[in-house]
Structure formats: structure tokens, C-alpha cells
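[1] sequence first, then the predicted structure, then my questions.
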Amino acid sequence: MTYKQIAVKRLKSWSNKAEKEFAVEVEILARVRHKSLLSLRGYCAEGQERLIVYDYMPNLSIHSQLHGQHAAECNLGWERRMKIAIDSAEGIAYLHHYATPHIIHRDVKASNVLLDSNFQARVADFGFAKLIPDGATHVTTKVKGTLGYLAPEYAMLGKASESCDVFSFGIMLLELASGKKPVEKVNPTTKRTITEWALPLARDKKFKEIADPKLNGNFIEDELKRLVLVGLACSQNKPEQRPIMSEVVELLKGESAEKLSNLENDELFKPEQTSSFQGSSLPNSSDCITEERSSKTDVKEEAVDSSETVPSAR
């Protein structure tokens, strides 16, 4: 008999809200099949017990590797980071362009991209996902997600679209490149987003200064530049200026020299260009972040969750 490790996600406490998220996640997982999406192995809905069974991901998540319990081990070398970026982009592109109906994830972030034993990326946690009817450009909904990853039009107006996932994915690409968190404290009263920090450096062509110090200079500069430029293009304030996920995959793979050149020469990266990022149109970014956190009760900090994942064996 052979045994395989599994992960069991168990609802900590039952509520109508948690029940809805459980049902959405099971429905989405049952619909999708892709190498870069976490697969459903089974579920239980008996009484008030709610369990979802997945393959166990021994390397946890991007967040764990960059900021959490595995950060000191420096497991994410440059080659792994680029592969994770491309694989996760392909998974989200599948949701947006090939799933029927199309699916918006609504909570793309470093802790929701899990890593298997070979560091293959698996996009996970579909509790906030939305199915998009044919012909619809967006859905207006109650804001859910994680601070630092929310697209402005979604955080402020509740307009959820594929472009919101693109924004969140761009933030995650900048995390992979730099090792920084989406929002960091500059001093006790001021917070700065990762885009506000990275954009001036990218405009000055100082890509090496963006690279995660833990890489110790061991990266391919052209790939680093590509990762940063795509991340910044994805996380622009204006959704119509962001690429779609199929274009993100193409750009990350470097398949079109012409498109990469066009991206590098975009107005966004010219020094005189007015900033086009989260918080830039407001008095300061910390005001924007505080407003999002206080006005939307479903917007959660990174560590908050309504469920727990327990490794098991089968």
C-alpha cells in the first residue's frame, strides 16, 4: 500500500459567510483542471463540519518562502522565482481566458500561491472567487481580499474584473523580484507600497537595486528587468492600461522582443511621467490603505483566515 500526504482545510467556525465561501471554493475547484491550480481531492459537508482535501504542498507558499518560516533558508533562487512567476501566471490566465465561465480569483497574493515538493506553483484558495457571465466586463460586489494587493477600482468602488487579479499578480511579481512585502512601514506614521518604492528605481534603470538582497547578485539581469517591468505594468492604477494575463505570460516568457521593447519604452517608465499607482492620487498612500482597512470589514490582513490547513497522510 502506498501513502500520499494530503492537506485538509477545516472551517474553524461555521457561519453563513464561511459556508458560502466553502461552497464557492468547492464549486470552482471542481470546475478547473490545470497544472498550476491546486487540485481538489475531496470534501466533507456534514452537519456543521466543512473539510476540503487537497494535495499537500510541502514547500508551503511564496509568502512562507519570502517572509515566513522558510525565509531564512533562501530556497528561492532566481531560476525558481522565474518559473514560479510563469507557472502562476499560466494558472491565472487559465481562469481568465479558458475556464467556462471565466473566473476572477479576487485574492491573488503570495500566501495563496502554494509550492509543491519541486517548487511547482499552484494557485489556491478560491473562497472569494467569482464566475463571470459571458459578455460581462466586471461584477460589482462587496470588497474582499488582502490589503496591499487590492486594485484601486475594486477597493473603492467594488468593481471586480480580471484586471483586479492582474493588479494583485503584479504586486506579487514585485515581491518575487525584491523580497519586499506589498506594504512596508517607512516610519511609525508612514507606509509605502512596493510600487511606490520600485517605480522610481525602474525609471532610473536601477534594476539591480530592486533585486532581493538574499539572491546575492545571483540573477539574470534581463529576466529581473522583465519581472519588474511586467509587475509595474500590471499594478498601474488605471485598469485599461494593465495587460491581460495571456499577455503577462507572453511577456514573462520573453517570447516577443518587440513587445518587451514596447513595454520598456512605455510612458509609465519615463522619468517625467506622473505616478500611476495605488495611493498616488490621494494625499498619501497610508491614508488610502487605512481607509481600505477601516471601511471594508471583509478586507483582511495577511494572517487572518477563517480556516486552517492541516497536513495528513492517506
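    Ah, there it is. Residues are numbered from 1 along each chain as shown.
[2] hmm, K181 is touching G148, no?
    Yes: using Cβ atoms under 8 Å, K181 is in contact with G148, at 7.2 Å. Backbone N, C-alpha and C define where each C-beta goes, glycine included.
[3] more neighbours, those two?
    Shown here are K181 and G148; by other Cβ atoms under 10 Å, G148 has more neighbours (23 against 17).
[4] so that one sits against I171, correct?
    Yes: using Cβ under 8 Å, G148 is in contact with I171, at 6.6 Å.
[5] between those two, which contacts overlap?
    Shared contacts of G148 and I171 (Cβ atoms under 8 Å, 6 or more residues apart in numbering): 109, 182, 194.
[6] from A202, how far out is the last one?
    Look at I194 and A202: by Cβ to Cβ, to the nearest Å, they are 12 Å apart.
[7] got the residue ranges for the strands in the stretch 151-300 of the chain?
    159-160, 183-187, 190-193, 299-300 (DSSP state E, counting those that start in this stretch).
[8] which neighbours do K181 and G148 share?
    The overlap between the contact sets of K181 and G148 (Cβ under 8 Å, 6+ apart) consists of I194.
[9] and the closest residue to S235 other than its chain neighbours, how many neighbours?
    Distances taken as Cβ to Cβ, 6 or more residues apart in numbering place G170 nearest to S235, at 3.5 Å, with adjacent residues excluded. Residues lying near G170 (other Cβ under 10 Å) number 26.
[10] please tell me how far G170 sits from C164.
    Per Cβ to Cβ, G170 is found 11 Å from C164.
[11] just Y98 next, same as before
    Separation of Y98 from C164 (Cβ to Cβ): 18 Å.
[12] who has more neighbours, these two?
    Counted by other Cβ under 10 Å, Y98 and C164 do not tie: C164 has more neighbours, with 27 against 12.
[13] the more buried one against E153, yeah?
    Yes: if you go by Cβ under 8 Å, C164 and E153 touch, sitting 7.4 Å apart.
[14] list residues touching both of these two?
    P239.
[15] avg pLDDT for stretch 64-76?
    Stretch 64-76 shows a mean pLDDT of 92.
[16] can you check stretch 2-13 too?
    For stretch 2-13, mean pLDDT is 86.
[17] check stretch 204-220 too.
    97.
[18] ok, and what's touching stretch 22-29?
    For stretch 22-29, contacts defined as Cβ under 8 Å, 6+ apart pick out 11, 38-40, 43, 45, 50, 52, 103, 125-129, 131.
[19] pick out the least confidently modelled helix or strand of the chain, by mean pLDDT.
    helix 285-295 (a mean of 33; mean pLDDT, DSSP states H and E).
[20] my read: P101 touches L131, true?
    Yes: judged on Cβ under 8 Å, P101 makes contact with L131 at a distance of 4.9 Å.
[21] the two: who's more crowded?
    Neighbours per residue (other Cβ under 10 Å) separate P101 from L131, with L131 holding more: 16 against 11.
[22] in the stretch 1-150 of the chain, which ranges drop under the pLDDT threshold?
    133-141 (pLDDT under 70).
[23] sweet, I'm off.
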